[in-house]
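# Any chance you could fold what I've pasted below:
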Amino acid sequence: MTTRAAVYLRISRDDQATGLAVERQRADCLAIITARGWELVGEYVDNAVSASKRTTKRPDYDRMVAAYEAGAFEALVCYDLDRLTRQPRQLEDWIDAAEERGLVLVTASGEADLATDNGRMFARMKATIARAEIERKGARQRRANLQRIESGKPAPGRRRYGYELDGVNPRPAEAAVVRRMFEHVAAGGSLRSIARALEDEAVDPAPGRSWSTGRIRYILKNPTYSGEVHSFGSALPSDVLVPIIERTLAEEVRAILADESRLTTPGPAPRHLGSGLASCGVCGGLMFNLAKAYRCKADSAHPTITKERLDTRLRGEVALAFLASGGSLSEERSDTTVAPLVAALEKNDRAARATAEDRDEGLLSPKAARARLIELRVERVAIEQRLSSARVERSASSVLADVAHELLAGDDMTPAKFFGDMTAAVAARFETLDLDRQRDTVRALLDVTVNPGRDPRRVVVWHKVVTKLNPESALAVDIVGEGESRGPGDRSNRRPARATV
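Reported below is the predicted structural model:
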């Protein structure tokens, strides 16, 4: 009966992706099979895959093990033992196979003969020595990396996006993209919107990479871009590394990403302006798009409104807010920052944990601890509200500042007869912005409630920033439709005062 043989080929690195080293191994291994008159029944190749770490997956190695367990072959040929494995534990599995099931393991170097005690001893010694060398090499590499960090240089590795191969000097075109990411998020933009913009503009993400939100988050949280290097979990300033981002901007963006109260949407990206931005006038729940209409999910009998009607209303109200603001919304707010508020949240958390620990250790009575925790919770809610307001307000101001300047520059007073045309122009420009920015702006400027019924006044809009547009103000301009109202839900029956337009 002809012996069935399999070949296993592996190389740790193939920088040129030519596979030539594997081809050389294949030629030598096939020569052995031919010389012994064996039948080749399987070939398993892991090109550019390391065998040094147990955690590294070797797909073809795993397939080969499964095939042997299924009885697919009786002989295994590889170029050298260290091509098969560098793990003493894995080697013992193959030794067991040779002793218990008669596996014939042959290497092109002629060093392995697991059928004899001397051969097994040699194989174990070689695997142990190889493992020791790997550990020594790792220790030397870690010490070299630490020395680089201590000298202000980043640890070696794959070229970092935004920097040249030396890891120190910025690559101008990519550095501009990195700056754009930081500025986008600092202005209130989402990771999803900047990722989509870079994809749409076909910005080169570097070979083998893509613009995912995870990758952008990694870049934004990496202190290298602000001229710092990693050292045992800390970031140390470097005199060698050329920063791409100012440290103050980087710290602000990292604070935004660390903010637990920050709104995130891990699921599918919103595709409709008003989805989740209007509240049900019956139960207070949010309304979402379903079959070309926004509906309350709590009950099918709760309010419903067509997508076109609500989205048009929202765009009109945003435009009206900018036109009626007297230019106050056309100025970007540089003094609005989330970093101090995030720091306040962290301080609040530390105080709450300390209070709970004191209670558990008997240093504070349960009654006193409860009172303190309630006080801290009230403080936290207030900070979270300010944080949310600061973020979306800054987003709105930075997004639409150029729109307001373009349409209102030089006008101290807007003539009433042109008000409708200008409102339509601002609304049209607003619609050209990416959806994330539109939604952030609506969230910053408006509270929207949809009440039951068919009366146009059931859509109640309350202006959070340009409050003079609300019912009790002297000026409220109805530019959307006869009878529509502004104000919180309990004001839905009030008709807004309106200027003649």
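
# Can you give me the domain boundaries for this structure?
4-133, 172-258, 278-332+402-491 (automatic domain parsing).

# can you put these in TSV and add distance to Ala339 and mean neighbour count?
The C-beta positions use only the backbone N, C-alpha and C, and glycine is treated the same way. Shown next, in TSV, are those (distance: least, C-beta to C-beta, whole Å; neighbours: other C-beta atoms under 10 Å):
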stretch	distance to Ala339	mean neighbour count
domain 4-133	37	16
domain 172-258	4	17
domain 278-332+402-491	17	18
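
# Strands of the protein, start to end?
4-11, 39-47, 75-78, 104-107, 228-231, 234-237, 278-280, 287-289, 293-296, 304-306, 446-450, 459-463, 485-486 (DSSP state E).

# JSON lines for these, including mean pLDDT?
Compiled in JSON lines, the strands of the chain are given as follows (pLDDT from 0 to 100):
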{"stretch": "strand 4-11", "mean pLDDT": "93"}
{"stretch": "strand 39-47", "mean pLDDT": "93"}
{"stretch": "strand 75-78", "mean pLDDT": "92"}
{"stretch": "strand 104-107", "mean pLDDT": "87"}
{"stretch": "strand 228-231", "mean pLDDT": "72"}
{"stretch": "strand 234-237", "mean pLDDT": "68"}
{"stretch": "strand 278-280", "mean pLDDT": "93"}
{"stretch": "strand 287-289", "mean pLDDT": "91"}
{"stretch": "strand 293-296", "mean pLDDT": "93"}
{"stretch": "strand 304-306", "mean pLDDT": "93"}
{"stretch": "strand 446-450", "mean pLDDT": "92"}
{"stretch": "strand 459-463", "mean pLDDT": "92"}
{"stretch": "strand 485-486", "mean pLDDT": "54"}
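
# Point out the one among these that comes closest to Arg359.
Closest to Arg359 of the strands of the chain, according to C-beta to C-beta: strand 234-237, at 31.9 Å.

# which one of the strands of the chain lies closest to Val168?
Using C-beta to C-beta, those put strand 228-231 closest to Val168, at 10.4 Å.

# The strands of the chain: which one's closest to Leu165?
Closest among the strands of the chain, using C-beta to C-beta: strand 228-231, at 17.0 Å.

# re the thing from before, which one of the strands of the chain lies closest to Arg271?
Arg271 sits nearest to strand 287-289 of all the strands of the chain, at 7.5 Å, using C-beta to C-beta.

# from the middle of its chain, how far away would the closest one be?
25 Å (C-alpha atoms, centre = their mean, to the nearest Å).

# Which strands border that strand, and is each parallel or antiparallel?
strand 293-296 (antiparallel) (DSSP bridges).

# which residues sit in contact with Thr213?
By C-beta atoms under 8 Å, 6 or more residues apart in numbering, the residues touching Thr213 are Leu191, Arg192, Ala195.

# nearest to Thr304, of those residues?
Arg192 (27.7 Å).

# The closest one contacts Arg437, correct?
No. Using C-beta atoms under 8 Å, Arg192 makes no contact with Arg437, being 11.4 Å away.

# Give me the pLDDT for Glu379.
Note on Glu379: pLDDT of 90.

# which residues touch it?
Contacts of Glu379 by C-beta under 8 Å, 6+ apart are Asn348.

# how close does it get to Glu100?
68 Å (C-beta to C-beta, to the nearest Å).

# what's the answer for Arg160, then?
50 Å.

# Arg4 too?
In terms of C-beta to C-beta, Arg4 sits 18 Å off from Glu100.

# Same check on Gly162?
55 Å.

# cool, Lys126 as well?
21 Å.

# low-confidence ranges in the stretch 101-250 of the chain?
110-113, 115-117, 127, 130-131, 134-135, 138-139, 141-157, 188, 230-236 (pLDDT under 70).
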